[in-house]
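# Below are the sequence and a predicted model for it; my questions follow.
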Amino acid sequence: EKKLVAEIKKTAKTGNEAATKILARQLVRLRQQIVNLQGTRAQIRGVATHTQAMYAGTSISAGMKGASKAMAAMNKQMEPTKQMKQMREFQKQSSQLDMTLEMMSDAIDETLDKDEAEEETEELTNQVLDEIGVDVASQLSSAPKGRIGASNKKAENNQAR
């Protein structure tokens, strides 16, 4: 375009009006061709982008096809009834374990509570007896020793004789 503009100026200085008009017409056509080429280039880029998007869509489609085949294979292997049976068995065993743990915890709590309650009861009894002046130690030394059930049996045997 610069060369053509320089040539137009050169022919205009020489006074050749016909050659100047021809060169000016060529310059106009050249500029139109440049605009057309730029438009065509933009269209080609658009087509290339569209082609890339289509290729990406095709790749995604192929990936989804593979994933759906894998999922179908897994569904065939899983057998829902077998899975449900296993889940029920797990729930049953879990519930059983929970009940066992709760029973053990309750038994331990009861044992500890009884010991504490017995100690507290004995302390309270001793405190009350101390307040009223009863000497428990002297009375305990004169109390019968051994099992209560065993002494009851001896007493019954003695009565029977």
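Yep, it's here. Numbers count the residues shown, from 1 in each chain.
# now the farthest one out in the protein, which residue is it?
Within the chain, the residue lying farthest from the chain centre (CA atoms, centre = their mean) is Gly15, at 87.1 Å.
# can you list the weak-confidence ranges in this structure?
Along the chain, segments meeting pLDDT under 70 span 113-117, 133-161.
# Please give the element, helix or strand, for the residue nearest in space to the middle of the chain.
By CA atoms, centre = their mean, the chain has its centre lying nearest to Met87, at 19.8 Å. Assigned by DSSP states H and E, Met87 falls within helix 80-132.
# Counting residues, name the longest helix you see in the protein.
helix 17-78 (DSSP state H).
# Domain-wise, how is this protein divided?
Per the TED database, the structural domains of the chain span 1-78, 79-112.
# Could you export those to CSV, including columns for distance to Thr125?
From N, CA and C alone the C-beta is placed, and that goes for glycine too. As requested, those are exported to CSV (distance: least, CB to CB, whole Å):
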stretch, distance to Thr125
domain 1-78, 67
domain 79-112, 21
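# Count residues in the vicinity of Val28, would you?
Val28 is flanked by 9 other residues according to other CB atoms under 10 Å.
# I meant to write Phe90 there.
Neighbours of Phe90 (other CB under 10 Å): 10.
# swap in Ile8?
18.
# One more: Gln26?
13.
# doesn't Glu7 make contact with it?
No. Assessed by CB atoms under 8 Å, Gln26 is found out of contact with Glu7, at 9.2 Å.
# packing partners for the longest helix of the chain?
helix 2-14 (3 or more CB pairs under 8 Å, 6 or more residues apart in numbering; DSSP states H and E).
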